[in-house]
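Trainee: just to be clear, the model below is a prediction. Sequence and coordinates:
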Amino acid sequence: MDSLTLAWWKRPDIAFTVNYGQIAADAEIAASVAICKRLNIPHYVIEVDCRALGSGDMAGGNVNLHAPTTDWWPYRNQLLITLTAMRAIELNIDTLWIGTVRTDDSHQDGKKEFIKAISYLMAYQEGGMVIDAPAINLSTSELIRLSGIPSGYLAWAHSCHKANVACGCCRGCNKYYKVFEELGYDLDRSRYSCSS
């Protein structure tokens, strides 16, 4: 939701989606393609299978002993930023926007300090790449309202951590439902049932 809404708000010159081996990659790519097509933004998919390095729900494996949640992927944002920057520099891009919002600060890589540190590191290396999180002071609901993205396009967002079709039970699906409720959208949760 955050990345699609950021694209709607900021209208970047180019957009990237990384398939790093997450179970829901196909649905995430389809959502990104649909939004980028609507906005007429060139879209690049970066494919690097890192599933063996993942943990829990998103990787379809056991939860890492250090994991704060069941959907944890160690160093994920650092990995995604690095992979995207490697492709972006080839396209003469010097600034990457990432869809981090205020509520992501429960993870180290969702904090302002992380954004500042990773931007410093990337700028220090090749190309002087700058990393920015324009929505880091906003909640997802605030970002959606500010962006003006219509609910029909927002519905393309795929937040499930466990499947290419929403499971209705994981932390990603729960965030999706919570945000839709905050926005006052009618969402029938009874269509989904959780199983352990």
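Mentor: Received it, and whenever you're ready, just let me know what you need. Keep in mind it's a predicted model, so treat the numbers as computed, not measured.
Trainee: who does the host helix or strand of F16 pair up with?
Mentor: Assigned by DSSP states H and E, F16 belongs to strand 15-19. Paired strands of strand 15-19, with direction, are strand 43-47 (parallel) (DSSP bridges).
Trainee: right, and the helix or strand after the partner strand?
Mentor: helix 76-90.
Trainee: which pLDDT value goes with the nearest residue to L91 once chain neighbours are set aside?
Mentor: Once flanking residues are discounted, L91 sits nearest to I14: 6.4 Å by C-beta to C-beta, 6 or more residues apart in numbering. Glycine gets a C-beta too; all of them are placed from N, C-alpha and C. pLDDT, I14: 97.
Trainee: okay, and for the protein, where does confidence drop off?
Mentor: Across the chain, residues meeting the criterion (pLDDT under 70) sit at 187-196.
Trainee: hey, where'd the strands end up in the chain?
Mentor: Shown for the chain, the strands assigned by DSSP state E span residues 15-19, 43-47, 95-97, 130-132.
Trainee: of all those, which one is nearest N64?
Mentor: When the strands of the chain are compared by C-beta to C-beta, strand 15-19 sits nearest N64, at 19.9 Å.
Trainee: pull the distance from the closest one to the chain's centre.
Mentor: Centre-to-centre, strand 15-19 and its host chain are 9 Å apart (C-alpha atoms, centre = their mean, to the nearest Å).
Trainee: that one to helix 76-90, inter-axis angle?
Mentor: Going by axes from the mean of the first three to the mean of the last three C-alpha atoms, to 10 degrees, strand 15-19 is angled at 130 degrees with respect to helix 76-90.
Trainee: so that it lines up with my notes, have the first residue be 38 from now on.
Mentor: Noted, 38 is the first residue going forward, which turns the last one into strand 52-56.
Trainee: buried residues in strand 52-56?
Mentor: Buried positions in strand 52-56, judged by neighbour count with 16 or more other C-beta atoms under 10 Å: A52, F53, T54, V55, N56.
Trainee: ok, now stretch 208-222?
Mentor: By 16+ other C-beta under 10 Å, the buried positions in stretch 208-222 come out as R208, G209, C210, K212, Y213, Y214, V216, F217.
Trainee: how about the CA coordinates for it, as PDB?
Mentor: Extracted C-alpha coordinates of stretch 208-222, given in PDB (Å, rounded to 0.1, in the frame of the first residue of the first chain):
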ATOM      1  CA  ARG A 208       0.300  -8.900   9.500                       C
ATOM      2  CA  GLY A 209       0.200  -7.500   6.000                       C
ATOM      3  CA  CYS A 210      -3.500  -8.400   5.400                       C
ATOM      4  CA  ASN A 211      -4.300  -7.000   8.900                       C
ATOM      5  CA  LYS A 212      -2.600  -3.700   8.100                       C
ATOM      6  CA  TYR A 213      -4.600  -3.600   4.800                       C
ATOM      7  CA  TYR A 214      -7.900  -4.100   6.600                       C
ATOM      8  CA  LYS A 215      -7.000  -1.600   9.300                       C
ATOM      9  CA  VAL A 216      -6.100   1.100   6.800                       C
ATOM     10  CA  PHE A 217      -9.200   0.600   4.800                       C
ATOM     11  CA  GLU A 218     -11.300   0.800   8.000                       C
ATOM     12  CA  GLU A 219      -9.500   4.000   9.000                       C
ATOM     13  CA  LEU A 220     -10.300   5.500   5.600                       C
ATOM     14  CA  GLY A 221     -14.000   4.500   6.000                       C
ATOM     15  CA  TYR A 222     -13.900   2.100   3.000                       C
END
